[in-house]
Structures are given as structure tokens and as C-alpha cells.
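Peer 1: Let me see the structure of the following:
(2 chains, ligands or ions: 6)
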Amino acid sequence: MTPVIAANDLTKAFPASRRLSDLLRGHRPMVRAVNGVTLGVGAGRALGIVGESGCGKTTTARLLLRLEEVTSGSVLFDGQDVTALRGKALLPFRSSVQLVFQNPFDALNPRFTIRRTLTEPLRNFGIPPDQQDARIREAMARVRLDPAEAYLDRHPHELSGGQLQRVVLARALVAHPRAIIADEPVSMLDVSVRAGVLNVLRRARDELQLAAIYISHDLALIRYVCEEVAVMYLGRVVESGPTAEIIAAPAHPYTRALVAAVPVPRVDQDRGALPIQGGLPDQVNQPSGCAFRDRCPLAMPRCAEEAPAPRSIAPGRMAACHLV
Amino acid sequence: MASLLTVRDLAVHYATAAGPVRAVDGASFDVPAGSIVGLVGESGCGKSTLGRALMGVMPRSARIAAGSAVFEGQDLVTLPDKARKELLWRRLSFVPQTAMNALDPVQRVGAQLMEVLTERGGLSRAAAASRAEALFTLVGLDPKRLRDWPHQFSGGMRQRASIALALALDPALMIADEPVTALDVIVQRQVLDVMKELQARLGLAMILVTHDVAVVAYACDRVVVMYAGRVVESGPVRAVLEAPLHPYTMGLMNAFPDLERAGGELVPIEGSPPSLLNPPKGCRFAARCPFAVARCAEDPPLVEDAPDHHAACWRSAEAAALRPQAARAETWAGVVA
Ligand SMILES: Nc1ncnc2c1ncn2[C@@H]1O[C@H](COP(=O)(O)OP(=O)(O)OP(=O)(O)O)[C@@H](O)[C@H]1O
Ligand SMILES: Nc1ncnc2c1ncn2[C@@H]1O[C@H](COP(=O)(O)OP(=O)(O)OP(=O)(O)O)[C@@H](O)[C@H]1O
Ligand code: SF4
Ligand code: SF4
Ligand SMILES: [Mg+2]
Ligand SMILES: [Mg+2]
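Peer 2: Ligands and ions are numbered 1, 2, ... in the order given. Alright, predicted model coming up:
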């Protein structure tokens, strides 16, 4: 099955904040925020991207959405390379691949009614006015804001956080997208309402056969919404595959640490000692060889010399470590 | 175990133009010596207000309207300012909700630690310097980093530094407001492990404010569940998490994704908490509770339903029968109009 949306060896380098000494030497240090990422997701499937803060999750999403120019590599939509598209030529892609913002309080214009918020994208994508109302009602029903009349003429401050996040999702759905990319879709919401929004996301994905990408640093949440997961470390995918298998038997030492670190809501959890050391290394001067080696409890001399190539370790499973 | 802190019917109100906000409205719980007590509840239920009131660090608009908080035999509510100042840092200390607030951005981290040790603790500079190094080591920071500025620290390092600051004068109780919420899971786990080790090594008691029941399950001995300014359930962590007596606690447990448990729909608690400006009469959870009955129009008192396990619900005696119902999404759907 051709993925609806895919990244092929994507790389993004940003100029790092410079020190005076660098300027004097004419040195231009770069941060490789995304460093050779390949992934993809098919219709009706959901892929999670997990990893520590700063590992490149949001940058990957922005590259996939064509909100950021790639340094190298390509973005594929239905197998077609869309990396070079600009301006008007991008419009069909923009309506087909929608972003769900993290913070519902920032994502919505406080002066717009919900109706206006939902009409805006329809107008941008050239949906005729006589079809707009039906689209809006359909989207509101999908996100379980029923009846729509009760909400459409309200302003954002008249809705709860969970309701606002559903409006943000409805705004992504009115365009009839083929894929949605959600960056930390529930991190700003209270625990009691998160579950409702996650359920809505999951149902919309199933009913509309959307290809979905969820970004989160919470593996428990990813497990709940995504059958597949890609684990990122310092701009690279270090392990990917079915979420349940990876949680049950993580192959990469970093994934092992990530799984071991997640607390579970039960007493007597014997989580063992955390198999990792230190914090994220300097992003500009990354270690030679395996980028994880200065924190890896299993690092060996070879890890300093040679970067581990991604290897297939089981059907649908990949890991990049000399030991797998 | 002996109670280190005994809070009874504590009420903290904020004066606002629209009237008093009853942010904490009758909170009762105990902190036994040497134990870690998790304080959970959703955003706005009064956790930070409670923590700050115990420390006596409140905005001017806030006042303690009722109740007592007896710490090592002295009531923090009626204690004169001077006596309270004596206790702060030495016996009772605080890690604020945003670690950045605990650290002064224009002072090196080590200098801030030295200031607490010399000025409040009365240590000589030499003694303070070696204590500062010991404190950094204790929380898992390299003493070399004492010379750093706060902005040179990552979020996790700042959190550790503010814990070091709170521990400087060897208190008996540390109140930590959301110490791990903004952190990545790996760093979160490292900070929680530091806290558990401090408990084991120093016999330090802690109130750990969080909204994450998984964090409570991992790190706490006891848990206090708050809802809309009230304590609705409290007790040993096993009793409360495994056999919750209050429907809100049941809902909280079922709304949580569990890394090790597959499948099933998560069960949301529909609706949102009431305004604390005009809290509803009777049980404050009634509007969202699938088990509400006529009697819930009256206020349920917090009572000891099982040994050491308190709950404020008229139907807590039926909890065993309500729990399986609370695990089903249909039970909660449509409760809120
Ligand atoms: N516009 C930019 N200019 C310079 N550096 C950037 C820019 N955007 C991101 N970066 C850097 O790229 C790296 C990856 O950032 P990114 O936001 O993708 O991480 P993330 O995984 O989404 O983190 P978080 O979990 O904190 O959201 C970081 O080191 C970040 O500082
Ligand atoms: N200075 C203030 N003046 C008026 N009301 C306030 C003030 N500070 C807090 N409140 C209100 O008091 C209630 C309790 O707030 P508090 O900060 O204690 O909640 P919390 O449980 O710590 O929430 P969170 O999980 O979001 O940190 C909230 O309804 C809040 O809006
Ligand atoms: S390649 Fe070496 S350093 Fe990298 S994860 Fe594997 S064992 Fe650890
Ligand atoms: S007292 Fe009534 S409304 Fe309140 S939690 Fe118990 S059953 Fe529900
Ligand atoms: Mg991000
Ligand atoms: Mg708070």
C-alpha cells in the first residue's frame, strides 16, 4: 500500500545561535534538527512520533506539511514528490494534509465565532458557499459537538478546553483531508477531557480512513491512538514498528530507556533502574558514530567509529544500533 | 506513623471584583512523617493555592478563611509571621510550580544556594560552599555547574536545582508543586528517583502536587484527591488507586492511558469543574457524576469509610458495585447535558 504521506531521507539544518568567537572565525555552526528521517503512513492508519524534547518531532511535522523548506530529502503525497511545489500548485496538498495545533487557546482567533473559524478554510480551498454549511455540520458531528447550533455562534472563550480542541480538529476535518498531523494534540488539556478528544480523533481516523501522524512524548498516549510508532533521537528515527511490539520488547537501547521511564497508573510497578545516563548532548557538536553513545549503557568502541545503519529486525520493524 | 502535618477544614479565598473565589474550601488531610503524599486533581481545583497557603506565600488578595494546619505541633494558620519565618526553609520548604520562579535569572545558581545557606542558615562561607556541593551531588547535579547561570540549565537541571535550594536547610517537609509536569519522561523519572532517594536517605516528607496518577502510583505512599476546592478522597496509595471510593477518582483512573494495558476506549469524564466563584450547593461533582441521587443535593462530608481511607461521597459504601460501572464509557456519556 502506498503511504498517503511519507518522508524520504528528510534533513533540516538550522543555523545555530552563534557565539562571537564563531563569527570572528567565519564559522557557521548548524543544528541538524532532522537528520535523514524516512517514514510514512497509509490510509486508515496512525503513526506516532515519540522522543525527548528537541529531538526534531515538530520540525519533521513542519517539513511534512511543507511549512518548512527541506535541506535535503523529499516529501511524498500518494507517492508523488511534492517537495518542489510552490504557491498555487501547493493548494490541493494544503487542503489534503491538515495540521491539528497543540494549543487550542492559541490556535483559534478569539474574535471569530466557531462558524467563522470553520468557514475560513472552506473559502480558502474554494468550496462553493452552498456546500459550506453541510461541511461544517458534518465536521461538528464528527467531533461530537452535537447539536452544532449550540456551538456555532459562540466565541472561543465560551467553550471549555476540550470543546475548543474539538473545534480545532473540526477545522482540520472540514477540508476533507486525506491526512492529519497532530502535534501534541492533548498536552494542554486536563486529564479528564483528554480521553474524550483522543476518542474523537481515533473515531474520525477510522470513519474517514485518514492517514494520521501523532506527535507526543507520551508513549502511553501513543499506544492508545497509534498502531505504529517511530522513536526519534537527535533528529534520527532510531526504532520503528508496531507500537505494542515495541513497548513489549524494545530493541534499541534508547527505546528501552524510554519505555522504562514511563510511569503506569498502578501501584507496585517494578520499573527497575533507568537504563540511561545524563541528558541530551550538544546538538551542534554531536558525538561521532552513534549519536546515543554517550548515554548508552551498552556502548562499545565500535559505536564511536561507525554510525549504526537502520536495519530491519522483524517484519515491519526497524532499529539502528550495532547490537540489533 | 505520627502525623507531621495535620490539615483540617482549611479554606483559602481570593478576593476578586466578582466576589470571593473559594479556591480551597474545606480541605482535610494528614502528612505522616517521612512519607510522600501525592496531591492530585484537575487544573484549577486549588492544589497550588493549598500549597502556597501552607507556606504562607500568597498574593495579597488571598486569605485563609477557616481551618487549621498543624505542623510539628504549631498551627501554621495562626502562627505569627516571625515564628513562621523561622520555620520556612528550615522545617518546611517549597518548590514552586515553575522551577524558573525559584531561580533568580540574574544570579549564578551557586550564589543563590550560598545566600540561603549563609543568610538564612547562618553557615560560614566555607561551610556553605561545601554544603552547596553536597546538595548538588545529592540531587544528581555536577558541583562544577554551581557557577552556571540558570539559563545554562535544561528544564530537568533547573528542577533539580530548585529542589537543592528547597533542601538547603534540611527541612522535614518539602512541598513540590508539579515538579515533573513540564519534563520529558526520562528526566521526569530521574527527578522522581531523586525525590524517592531523598525520602529514603533523609526521612524527608513531601507533598507532591501533580495531575498525573501514574506519577502518584510510582512515587507516592499516600494520595489526596481534590475536586473543586475540596478533598474528595484520601488514603494509602494502594487503597485509593486500586479501590477508589469516590466516583471522581474512579473516573480519573479510567481516563488515563496505561502503557502496559492495551485496547479499549478511554473513558472521559464529561463536562468541566464548576466555577469556584459560586460553587454549587451539595456535592460539587454531582453535575458530572453518573451515580448522583437526590441526596447528593446535600454536601457529603469527608468520612473514614475504611481504615485510614477517607472519601466524601454519599454512595461510597456501594463503591465496589459502582467501580465496574465506572469503567464503562456508556456510564459517563450523556451525564452532562
Ligand atoms: N527555526 C529554528 N531555528 C533554529 N533551530 C531550530 C528551529 N526550530 C527548531 N530548532 C531546533 O531544532 C531542534 C529540534 O526542534 P523541534 O522543535 O523539532 O523538537 P521537538 O522534538 O518538537 O521538541 P519538543 O518536544 O520540545 O516540542 C531543537 O534543537 C531546536 O532548538
Ligand atoms: N490570584 C488569584 N485571584 C483569583 N483567583 C485565583 C487566583 N489564583 C488562583 N485563582 C483561582 O483559584 C482556583 C485554584 O487555583 P490553583 O492555582 O490553586 O489551581 P491548581 O489546582 O494549582 O491548578 P493547576 O493544575 O492548573 O496548577 C482557580 O479557579 C483559579 O482560577
Ligand atoms: S550503536 Fe552502540 S551506542 Fe548506539 S545504541 Fe547501539 S550499542 Fe548504544
Ligand atoms: S455524593 Fe453523589 S454526586 Fe457526589 S460523587 Fe457521590 S454519588 Fe456522585
Ligand atoms: Mg515540538
Ligand atoms: Mg497549580
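Peer 1: Pairing partners for the helix or strand containing residue A:38, with directions?
Peer 2: Secondary structure from DSSP states H and E places residue A:38 in strand A:30-41. Looking at strand A:30-41 with DSSP bridges, its partner strands are strand A:5-15 (antiparallel).
Peer 1: Can you tell me the closest non-neighbouring residue to residue A:182?
Peer 2: residue A:100 (3.8 Å; C-beta to C-beta, 6 or more residues apart in numbering or on different chains). Placement of C-beta: from N, CA and C, glycine included.
Peer 1: That neighbour against residue A:166, yeah?
Peer 2: No: at 10.4 Å, residue A:100 and residue A:166 do not qualify as touching, with contact defined as C-beta atoms under 8 Å.
Peer 1: Strands of the stretch 101-250 of chain A, start to end?
Peer 2: Assigned by DSSP state E, counting those that start in this stretch, the strands in the stretch 101-250 of chain A fall at A:179-183, A:211-215, A:228-233, A:236-242.
Peer 1: Buried deepest among those strands, which one?
Peer 2: The highest mean neighbour count among those, using mean count of other C-beta atoms under 10 Å in any protein chain shown, belongs to strand A:211-215: a mean of 28.
Peer 1: any residues touching it, and which ones?
Peer 2: Counting contacts by C-beta atoms under 8 Å, 6 or more residues apart in numbering or on different chains, the residues outside strand A:211-215 that touch it are A:3-5, A:41-50, A:57-58, A:60-61, A:64, A:178-185, A:201, A:205, A:221-222, A:225-226.
Peer 1: quick one: contacts for the closest residue to ligand 1 within the stretch 151-300 of chain A?
Peer 2: As assessed by C-beta to the nearest ligand atom, ligand 1 sits closest to residue A:283 within the stretch 151-300 of chain A, at 4.7 Å. Neighbouring residues of residue A:283 by C-beta under 8 Å, 6+ apart: A:16, A:31-33, A:54, A:234.
Peer 1: For the helix or strand encompassing residue B:232, which strands pair with it and how are they oriented?
Peer 2: Secondary structure from DSSP H and E places residue B:232 in strand B:230-236. Here strand B:230-236 is paired, per DSSP bridges, with strand B:222-227 (antiparallel), strand B:309-311 (antiparallel).
Peer 1: Quick check: next helix or strand after it?
Peer 2: Per DSSP H and E, the helix or strand that comes after strand B:230-236 is helix B:237-242.
Peer 1: any idea how far residue B:207 is from the closest residue to residue B:199 other than its chain neighbours?
Peer 2: The shortest distance from residue B:199 to any non-neighbouring residue, by C-beta to C-beta, 6+ apart, is to residue B:36 (5.7 Å). In this view, residue B:36 and residue B:207 are 8 Å apart by C-beta to C-beta, to the nearest Å.
Peer 1: Three-state assignment for whichever residue of the stretch 1-150 of chain B sits closest to ligand 6, please.
Peer 2: Distance from ligand 6 to each residue of the stretch 1-150 of chain B (C-beta to the ion) is smallest for residue B:48, at 3.1 Å. The three-state label given to residue B:48 by DSSP: H, G, I helix; E, B strand; the rest coil is helix.
Peer 1: What is the least confident helix or strand in the chain?
Peer 2: Here I'm looking at chain A. Lowest mean confidence among the helices and strands of chain A (mean pLDDT, DSSP states H and E): helix A:20-24, at a mean of 63.
Peer 1: that answer is for a different chain, and I need it for chain B
Peer 2: Sorted by mean pLDDT, DSSP H and E, the helices and strands of chain B end with helix B:99-102, the least confident at a mean of 65.
Peer 1: Just grab the bridge partners of the residue nearest the centre of chain A for me.
Peer 2: Centroid-nearest residue in chain A, with C-alpha atoms, centre = their mean: residue A:215, separated by 3.0 Å. Beta-bridge partners recorded for residue A:215 (DSSP bridges): residue A:49, residue A:183.
Peer 1: which helix in the chain runs the most residues?
Peer 2: Picked chain A for this. Longest helix in chain A, counting residues (DSSP state H): helix A:191-208.
Peer 1: Please refer instead to chain B.
Peer 2: helix B:185-202.
Peer 1: orientation of the next helix or strand along the chain from that helix relative to strand B:222-227 in degrees?
Peer 2: Proceeding N to C from helix B:185-202, the next assigned helix or strand is strand B:205-209, under DSSP H and E. Interaxial angle, strand B:205-209 versus strand B:222-227 (axes from the mean of the first three to the mean of the last three C-alpha atoms, to 10 degrees): 30 degrees.
Peer 1: hmm, who's touching strand B:205-209?
Peer 2: Strand B:205-209 is contacted by residues B:4-5, B:31-39, B:47-48, B:51, B:54, B:97, B:172-179, B:195, B:199, B:215-216, B:219-220 when judged by C-beta under 8 Å, 6+ apart.
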